[in-house]
Each structure stands twice: as C-alpha cells, then as structure tokens.
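**Student:** I would like to see how this sequence folds:
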Amino acid sequence: MTATATLTRQPSATRTATRTATQTLTRTATRTPRPSATPTPTTDPADLGIIAFGVAEGVPPAQKLASALLEFPYIAFSGTTDTRIELINMSDRTQTVQCFYVRQSDCNEIGFFVSLTAGQPLSWLVSTGTRNVLTFTAVPPFDGVGELKCAVAPRTPEIASHNVLQGRAIVYDRITGETVGYGASGFQRLVPGDFPGVVDLDGFTYEACPERLHFQVLTATSVSGDLVLVPCAQDLLTQTPTQTVVQLAIVNEFEQVFSSSFRFRCHTRLSLGGIGALRKAVLGTDTAHLVVRGVDSPLLGLVVDRFDALGARQTAVNEAFLEGGSPATVIFP
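**Tutor:** Okay, here's the model as predicted:
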C-alpha cells in the first residue's frame, strides 16, 4: 500500500502542537452527552482540506481506569511471535467477560467467555489459550495478526458492576527479542443498566471513541516502524467487517504539513515506510507529529517505533494521545 504525499506550507504562527498540548479532560460524576459533529473547518490546515486538523468535539475516553470494554488493537501469533494477554478483575465480585478475536487477514471472528473471580488476574498466550473447569473459562488459541475486544457482562445494573476490567498485552519475538507491550484501551460505562450485547460508545451510555489519534513518531528510513489501527465500530453479531478511510496529517519539525490517506478493512498493521509522506526523504526531519482520523468509523491504535541504538535494534511502543469524541457501536452476539 503506497500513499502519495501532499505538502502544504503553513505560517509559523499557527501551531497544531499547541492545540493538542493544551487540551484538558474534565470528568464529573454526571455526564452530559456531547454531539460529535463533523469537524468544523478553521483557519490554517483545515481550510485547505486537511480534515484531520479540524476542531474535534466531545470528550475522549479516559485511560488507565477500570472499564467496561477493553480493546487490544495488536495481537499476533505467527512463526516466532506470540502474545500474552492479561485481564484483571478489579472488583470484589465474580465477573463474566465476553471476548472476541478478529483476524486481520480474513476478518474472521473467534468468540469466547471468561469468568473472573473477585480480584482475579488471568493471563494466557494466544498461541495456546487457557482453560479452567472450575470457573467454566475456555479461551481458544488464535493464529495470525489481529485484535481482541472484551466486554463486561455484569450481574447487576449498577455502574460499579460494569467498570471492573483492566488489561495489558505483550507481543514478543522469541528469536529477535523484540517486545511490544501496551495497555488495552478502556471505555467506561457512564449510566446504570443491563448489558444487552450492544455497546453504544456515544459519550452517554459508554465513553465515546476518540475523534483523532496523535502520535510523535520517528520518520521512516531503512528501519521502519508500524502503524496499527482498528475501527471502533464493529458488528460481531452479523460478522460484517468495518471498512473505513483513514486521513493522515503529518507535521515535520519545520511545521510543514503533509497529508495522505488510505482505506482498510477490520484491521491493519501498516509499515510507516509504506506511507510516502512519513518517509524521512520526504519530510526532511527525523521526527514528525502524526494525526490519524477515521472517516467512516473512529479508530484506535498504536505505533511501534524501531530504531538502531547501542549497537542493536530497539523497539518502543508509541501509545496515542486521544482527542475529541466520536460515536460508534460495538454489537456482541
């Protein structure tokens, strides 16, 4: 997949980084839904058609909190690569969790249930899964590259019964030693109620998906990292893969703005070198500010940076700064 870069020179008085850095998230006990309108054009890059720089409405999901829905955007088992998944029940009650793997190559889904006793951590390798006859937990193995979604199915409607889950994934290569560890993206339930199998990420029932993802990345050279993306919206009931166009806005160290776009289906892991506008030869700088926006569905994801240092190949996980809120729905069977 190759994207064509477009360069738009901007006056130095307009700084996108300032708008991102000064965003403040305010959380209160009572949540008022906010509309997630189409980004409003402003002066600077959005006036030139770079929609990824428009004004983002709404509030992004708070992270590092016990949540009702977890999204692991990157899991893998192929060759020498495997992934360890960790789930933790943060409550003092037994909880039932419904999960789905989604494979990138064919968008195939594998569903299962996990039962977690009070305060229980659960860990497994995706290559082998796990089984516990005492708690009726059976996690099947998974092969390929893809994602994992897990939703809490509480026994009572209170908010505290929904927001109980935290998670982490570690993707590692047994031969090269490359390790990619990250925290799952979490979405909290905001109002009491039962779990009908439909997760409305609308900013009222559950936290909304982010409107945009911001990354500070290394530009692509002969050593290239990866951009991993998944759509927030997903219909696991009818097994209908979500497709979306992705808009990229890229700002180099001289505040020159480049743009690019591509389309993907259900999951993508794209080499940064495959995005022409992210190559060092195009940008002329070692780093860049990358803004990612989904057109048909808001997105979640991360960047895996690779670089040479101390005489060896190094890897760093680049988790996104989340901006704005955009509605999406995840439908479980």
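**Student:** helix or strand with the lowest mean pLDDT in this structure?
**Tutor:** Ranking every helix and strand in the chain by mean pLDDT, DSSP states H and E puts helix 16-21 at the bottom, with a mean of 37.
**Student:** Asp296 and Glu255, how far apart?
**Tutor:** Counting by CB to CB, to the nearest Å, the gap from Asp296 to Glu255 is 30 Å. Just so you know, the C-beta spots here come from the backbone N, C-alpha and C atoms, and that holds for glycine as well.
**Student:** which one of those two has more residues nearby?
**Tutor:** Glu255 (16 against 13; other CB atoms under 10 Å).
**Student:** continuing past the least confident helix or strand of the chain, what's the next helix or strand?
**Tutor:** strand 69-77 (DSSP states H and E).
**Student:** ok, that next one: who's next to it in the sheet?
**Tutor:** strand 144-153 (antiparallel), strand 185-187 (antiparallel) (DSSP bridges).
**Student:** can you name the next helix or strand after it?
**Tutor:** Beyond strand 69-77 toward the C-terminal end (DSSP H and E), the next one is strand 81-89.
**Student:** which residues touch the residue nearest the centre of the chain?
**Tutor:** What sits nearest the mean C-alpha location of the chain, by CA atoms, centre = their mean, is Leu300, with 2.4 Å. Listed by CB atoms under 8 Å, 6 or more residues apart in numbering, the contact set of Leu300 reads 71, 73, 185, 209-210, 213, 229-230, 232, 320.
**Student:** among those, which are located in helices?
**Tutor:** Members of the contacts of Leu300 lying in helices (criterion: DSSP state H): none.
**Student:** where are the low-confidence patches of the stretch 1-150 of the chain?
**Tutor:** 1-55 (pLDDT under 70).
**Student:** name the element the residue lying closest to Asn318 once chain neighbours are set aside belongs to?
**Tutor:** Of all residues not flanking Asn318 in the chain, Val303 sits nearest, at 3.7 Å (CB to CB, 6 or more residues apart in numbering). Taking DSSP H and E as the definition, Val303 sits inside strand 299-309.
**Student:** residues of stretch 66-73 that come out buried?
**Tutor:** Neighbour counts over stretch 66-73 (16 or more other CB atoms under 10 Å) mark 66-73 as buried.
**Student:** grab the nearest non-local neighbour of Ser78.
**Tutor:** Looking at Ser78 with CB to CB, 6+ apart, the closest residue is Gly144, at 6.1 Å.
**Student:** hey, what's the one you found bridged with?
**Tutor:** Phe77.
**Student:** ok, it - contacts?
**Tutor:** Applying CB under 8 Å, 6+ apart to Gly144 gives the contacts 76-78, 103-105.
**Student:** could you rerun that using 7 Å?
**Tutor:** 77-78, 103-105 (CB atoms under 7 Å, 6 or more residues apart in numbering).
**Student:** burial of the nearest residue to Ser127 once chain neighbours are set aside, as a residue count?
**Tutor:** Closest residue to Ser127 in three dimensions, ignoring its sequence neighbours and counting by CB to CB, 6+ apart: Phe77, at 4.5 Å. Applying other CB under 10 Å, we find 19 residues neighbouring Phe77.
**Student:** wouldn't Phe77 be in contact with Phe142 here?
**Tutor:** Yes - under the criterion of CB atoms under 7 Å, Phe77 makes contact with Phe142 at 6.0 Å.
**Student:** and Leu299, how far is that from Phe72?
**Tutor:** 14 Å.
**Student:** equivalent analysis for Arg265, please.
**Tutor:** Where Phe72 is concerned, Arg265 sits at a distance of 19 Å (CB to CB).
**Student:** ok, now Ala66?
**Tutor:** For Ala66 relative to Phe72 (CB to CB), the value is 16 Å.
**Student:** try Cys107
**Tutor:** Relative to Phe72, and taking CB to CB, Cys107 is found at 16 Å.
**Student:** again, but for Arg93
**Tutor:** For Arg93 relative to Phe72 (CB to CB), the value is 23 Å.
**Student:** same check on Thr81?
**Tutor:** For Thr81 relative to Phe72 (CB to CB), the value is 15 Å.
**Student:** and Phe332, by the same measure?
**Tutor:** Counting by CB to CB - Phe332 and Phe72 are separated by 16 Å.
**Student:** return the set of buried residues in the helix or strand Ile250 falls within.
**Tutor:** Assigned by DSSP H and E, Ile250 belongs to strand 243-252. By 16+ other CB under 10 Å, the buried positions in strand 243-252 come out as 244, 246-252.
**Student:** what sits against the residue lying closest to Leu213 once chain neighbours are set aside?
**Tutor:** In this structure, Leu213 finds its nearest non-sequential neighbour in Ala320, 3.9 Å apart by CB to CB, 6+ apart. Contacts for Ala320 (CB under 7 Å, 6+ apart) come out as 213-215, 301-302.
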